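Colleague: Test case, fold it:
(one chain, ligands or ions: 1)
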Amino acid sequence: MHELVQDYYGRQLQGSQDLKTSACCDASRMPDWLKPLLARIHPDVLARYYGCGLVCPPLLEGCRVLDLGCGAGRDVYALAQLVGPRGEVVGVDMTEAQLDVARQHQAYHAESFGFDNVRFVHGYIEQLEALDLAPESFDVIVSNCVVNLSPDKPAVLCGVQRLLKPGGEFYFSDVYADRRVPEAVRSDPVLYGECLGGALYWNDFLRLAHAAGFADPRLVEDRPLAITDPALAERAGNVHFYSATYRLFRLDGLESACEDYGQAVIYQGTVPNHPHRFVLDKHHDISTGKVFPVCGNTWHMLHGTRFAPHFQFIGDFSRHYGLFEGCGSRMPFDTEAAGAAGGGACC
Ligand SMILES: C[S@@+](CC[C@H](N)C(=O)[O-])C[C@H]1O[C@@H](n2cnc3c(N)ncnc32)[C@H](O)[C@@H]1O
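Modeller: Purely as a prediction, here's the structure:
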């Protein structure tokens, strides 16, 4: 699979316009604060962007960031401006042709930004331990449309766990399927290269994330993908594909479900570029200044991470009130007794 993917991204594709799906994210969805950062990136780098989402979480100044499958470096150069001269961004990719484009423009970006804080490394994302990267040394790991291409996804997630600092996060966009992808689709070289054939069934991804120690994966955003080439759409059959951004925090104390301890947070409005609201994920759009009830896991995600100084925290873990339904889960039991004639506990 590695050779097939290297050939696809190193030789067959010459630019984003050669892709046969709508996987590449639409510039109109880009937040306004990010647009000037992209405007400073060299056109040759932008032309070889093959990502499917946005991988710029808030509050990156001074952070060490790793980009898995960085390609020609668009996200590395965007993140470099966000982490600033006190931070560093390392891009890893296995395709030399992609890394060549990224490296050719390193001096151009250093001059434009006024600092050189990026590094590009040749390597495989399922063998991160083979690279000269210290364990627990990254605040944030990102990846944009790459994990689906890996033949060993559990190894990728384990490598990410090892490299993240406690309280760090894996914030990544990828392609998921609405069911397990049949062998005929998985072994189609173009469907694989286009990031569809290797896509995980979303529920299998959640299982893998749990197994790798990420107890409560949070979905940030998602959108359906269109296969714009009719012949390719026919070969994909009835599988539906989605681009989705998840964030996985490396935190002790996360539970497998969202539990209610009667806690709440108040966002101070102090994260740069986010004065009115802080979006943790699809279920948590937290308005500035408002008391916002949270489950124990969300509490940890805000209290045990770089976000803590920007929140006020109310409550503790001393009393449990059952499942927290605000994160989308429900208790499995009926709360009304069916045909409640006798009313006793025995049936
Ligand atoms: C769809 S492109 C995305 C590139 C980049 N993230 C972007 O947004 O433009 C996939 C990239 O992942 C790299 N890649 C795929 N599988 C890889 C692996 N197992 N290890 C390292 N790089 C990989 C490819 O070489 C290619 O550059």
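
Colleague: need the helices for the protein, in chain order.
Modeller: 2-7, 35-39, 43-47, 74-83, 96-104, 106-113, 153-163, 183-186, 189-193, 202-211, 230-236, 296-303 (DSSP state H).

Colleague: Okay, and the beta partners of the residue lying closest to V147 once chain neighbours are set aside?
Modeller: Once flanking residues are discounted, V147 sits nearest to D174: 4.9 Å by C-beta to C-beta, 6 or more residues apart in numbering. Quick note: C-beta positions are derived from backbone N, CA and C, even for glycine. Beta-bridge pairing of D174 under DSSP bridges involves A244.

Colleague: Run a quick neighbour tally on D174.
Modeller: Neighbourhood size, D174 [other C-beta atoms under 10 Å]: 28.

Colleague: Can you give me the pLDDT of it?
Modeller: As predicted, D174 sits at a pLDDT of 97.

Colleague: Contacts only, for it.
Modeller: Residues in contact with D174 (C-beta atoms under 8 Å, 6 or more residues apart in numbering) are 52-53, 143, 145-148, 195, 199-200, 243-244, 246.

Colleague: Dump these into TSV; add pLDDT and neighbour count as well.
Modeller: Putting those into TSV (pLDDT from 0 to 100; neighbours: other C-beta atoms under 10 Å) gives the following:
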residue	pLDDT	neighbour count
C52	87	26
G53	83	27
S143	98	26
C145	95	24
V146	97	28
V147	97	28
N148	97	25
C195	94	26
A199	97	28
L200	98	20
S243	95	25
A244	96	21
Y246	98	25
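
Colleague: Now find how far off-centre stretch 278-291 is within its chain.
Modeller: 18 Å (C-alpha atoms, centre = their mean, to the nearest Å).

Colleague: Buried residues in that stretch, which are they?
Modeller: 278, 280-281, 284, 286, 288 (16 or more other C-beta atoms under 10 Å).

Colleague: Minimum distance to H122: which of the helices of the chain has it?
Modeller: Proximity to H122 (C-beta to C-beta) singles out helix 96-104 among the helices of the chain, at 6.1 Å.

Colleague: Report the angle between the closest one and helix 106-113.
Modeller: Here helix 96-104 points in a direction 40 degrees away from that of helix 106-113 (axes from the mean of the first three to the mean of the last three C-alpha atoms, to 10 degrees).

Colleague: Report the inter-axis angle for helix 96-104 versus helix 74-83.
Modeller: Using the same axes, to 10 degrees: helix 96-104 against helix 74-83 is 30 degrees.

Colleague: Alright, that wraps it up for me.
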